[in-house]
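>>> Predicted model and sequence follow; I will ask about them next.
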Amino acid sequence: MAGPGTNRIEAVLTQSPTLHRYDSREDLAEALAAGVAAVLAGAIATRGVATLAVSGGSTPKRFFERLAETEIDWASVTVTLVDERWVPETSERSNAAMVRRHLLTGPAASAHFLPFYIDAPAPEDVAEELRLRFLRLARPFDVTVLGMGTDGHTASFFPQADNLAAAIDPDTREPVTPIRAPGAGEPRITLTLPLIVDTRFLALHIEGEEKLAVYEAAMQPGPVDAMPVRAVLRAPRVEKLAVFWAP
Ligand SMILES: O=C1O[C@H](COP(=O)(O)O)[C@@H](O)[C@H](O)[C@H]1O
């Protein structure tokens, strides 16, 4: 077990997933970036290309900045988002704009970026275009990094969301779902559960004591719609999930 003052990875759960605890957010960012870069480099060496699906919000910024500095063959990497708020990239709420600012810089600027947002009033207006865009992506993804809100949402799987059942249906063949929820702000679009868990390396990146408590609550029995991150935690590939946490 890692003691205070160490950065050693600590598995605190006897059951999967594995919880990797770091002393600081910077340590976490460096470790997660190194791990993700290694998986992407391995994919490029094996298949010539790699796909990375990332989350929005504020938590990933430091991790993105460390990852962007890694010297992998970024021109062979496709970067996409797991979800998006339906706002143009001029909005400070845009997940795509955050990815461009913090990840697609330096060596990573040569990655191919596949965003969700299309200039239309609502995601439903461009549903077919988005469907085809994401159906064309090679599966499984190589790396998917999820975030989580203190309400137990991940991607845009929100409590009380109108299309939550469709989004977390493990058998859906739809790659994306428009979604609205009381806590979500603007309309959203999200990858569906099968795309999110169909990945070679699945990570959940959370920071702060509050989110650790939410994660621990989500690991307990209870309804998925109350804490939709449970859809991921209970998915068949959950044994592949690595949780990265720092205070
Ligand atoms: O709205 C969103 O929130 C979650 C969590 O964001 P954070 O700011 O608490 O890190 C994020 O994972 C998701 O991609 C985003 O759309």
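It's in.

>>> Show me which residues of this structure sit near the ligand.
Residues of the chain lying near the ligand by C-beta under 6 Å from any ligand atom: Ser55, Gly56, Gly57, Ser58, Thr59, Val82, Asp83, Asn95, Gly147, Gly149, Ser156. For glycine as for every other residue, the C-beta is placed from the backbone atoms N, C-alpha and C.

>>> quick one: average confidence on the lengthiest helix in the chain?
Longest helix of the chain, by residue count under DSSP state H: helix 25-47. Averaged across helix 25-47, pLDDT comes to 98.

>>> Can you tell me how far the spatially most central residue of the chain is from Gly106?
The centre of the chain sits closest to Leu146, judged by C-alpha atoms, centre = their mean, with a distance of 2.6 Å. Plainly put, Leu146 is 24 Å away from Gly106 if you go by C-beta to C-beta, to the nearest Å.

>>> Quick one: the strands in this protein, in order.
18-21, 50-54, 77-81, 83-85, 112-114, 141-146, 176-179, 188-191, 199-207, 241-246 (DSSP state E).

>>> number of nearby residues for Phe63?
As a burial measure, Phe63 scores 27 neighbours (other C-beta atoms under 10 Å).

>>> What sits closest to Ala161 if chain neighbours are left out?
Ala181 (3.8 Å; C-beta to C-beta, 6 or more residues apart in numbering).

>>> in the longest helix of the chain, what counts as buried?
Neighbour-count burial for helix 25-47, counted by 16 or more other C-beta atoms under 10 Å, picks out 25, 28-33, 35-37, 39-41, 43-44.

>>> List phi and psi for Arg136.
phi -70, psi -20 (degrees, to the nearest 10).

>>> low-scoring stretches of this structure, by residue?
1-15, 237-239 (pLDDT under 70).
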